[in-house]
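**Q** predicted model and sequence below, questions to follow.
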Amino acid sequence: MTSPNFNEILDSDYLKALEETAQHYIENGGVTSTLQVIKLQEEVGEVAAALIGFLGSNPRKGVTHTLDDFCMELADVIATVVVAFMILGTDPNPYLKRQIEKTIQRLNDYNASQPRTCPTCKGYGFVSEPIKEGDPDPTRTCPTCNGADKSALLISAS
């Protein structure tokens, strides 16, 4: 998986062009934050259509979009969101940071709830929660290999 790098766009004239676009919308088009949210909904619908077309999920139409088409629609959503923040005159960074932190916490909570794989035999479900250093119940072992290597059952608390 490749992490997105927005630095090239955010540190360039593209962002200035979006600011000018937002200002133009405000001054000439009467675009409000409400209309921009409706525009966002339209763009998200186009992402869904591009995904359906890319996957060929509509048996009547088959494959109608490329991966590039799908990615362009995703980028359109990002640009629409940026313009919405500009119209509101609000810095998106604190909101984006909080949302990413919430997403990371949900992912960590989900991962902690999943059955563990025994590192020794690769068996599943040997504990319902991670075994940590100083665990008060040292009798929990892997039902497949009987926990032959107890140190291998330790899961980092990271």
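**A** Thanks, I have it. Residues are numbered from 1 along each chain as shown.
**Q** please count neighbours and contacts with C-alpha atoms only from this point.
**A** Noted.
**Q** packing partners of the one helix or strand residue 86 maps to?
**A** Per DSSP states H and E, residue 86 falls inside helix 67-88. Other helices and strands packing on helix 67-88, by 3 or more C-alpha pairs under 8 Å, 6 or more residues apart in numbering; DSSP states H and E, are helix 13-24, helix 33-55.
**Q** list the contacts of residue 76.
**A** By C-alpha atoms under 8 Å, 6 or more residues apart in numbering, residue 76 lies in contact with residue 43.
**Q** if you set the cut-off to 10 Å instead, what comes out?
**A** Neighbouring residues of residue 76 by C-alpha atoms under 10 Å, 6 or more residues apart in numbering: 40, 43, 44, 46, 47, 70, 82.
**Q** farthest pair within these?
**A** Using C-alpha to C-alpha, the two most remote members of these are 70 and 82, lying 18.8 Å apart.
**Q** residue 36 touches residue 29, doesn't it?
**A** No: if you go by C-alpha atoms under 10 Å, residue 36 and residue 29 don't touch, sitting 11.4 Å apart.
**Q** which residues are in contact with each of these two?
**A** Between them, residue 36 and residue 29 share these contacting residues under C-alpha under 10 Å, 6+ apart: residue 22.
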